[in-house]
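1. Show me the folded form of this:
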Amino acid sequence: MMMKQPSKNSIEAMENSKFATISLKDIHKLMGIHPCFSMLNALIANLTISTNHIVTLKTKSPDKRYKELLSKNPDWINRFPQMQIASYLGITPETLSRVRARII
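-> Numbering: from 1, shown residues only. Below is the predicted model:
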């Protein structure tokens, strides 16, 4: 839901990236032009990518989170610094080191 307030979350690009922005005024204008933009707005408002990750952080052990990362995104291990991986997993770098030692 768009509340016209600053987000409590942020996104940090770890690699070269391209992004686009659109103002709320322009979104509303597009929604008035064609109904598909209203559907797109509803999809964006209900995005669940970060929600799924938050649920994982709250319900799974650090070992399970790391194993899941290895199975879903094994290339991340070499692409991102360990501090970033630990942050993504919601653990400290020291905990990540212990997890890696147990799993390897």
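2. And for this structure, the residue most distant from the center?
-> residue 33 (30.8 Å; C-alpha atoms, centre = their mean).
3. Quick check: what element follows the worst-scoring helix or strand of the chain on mean pLDDT along the chain?
-> Of all helical and strand segments in the chain, the minimum by mean pLDDT, DSSP states H and E falls on helix 49-59, at a mean of 71. Following helix 49-59 in sequence order, the next helix or strand is helix 62-72 (DSSP states H and E).
4. helices or strands up against that following helix?
-> helix 49-59, helix 76-79, helix 82-89, helix 93-103 (3 or more C-beta pairs under 8 Å, 6 or more residues apart in numbering; DSSP states H and E). C-beta here means a position set from N, CA and C on the backbone, and glycine is covered the same way.
5. Which parts of the last one count as buried, going by neighbours?
-> By neighbour count with 16 or more other C-beta atoms under 10 Å, helix 93-103 contains the buried residues 96, 99.
6. now stretch 57-72
-> Buried, per 16+ other C-beta under 10 Å, within stretch 57-72: 62, 65, 66, 69.
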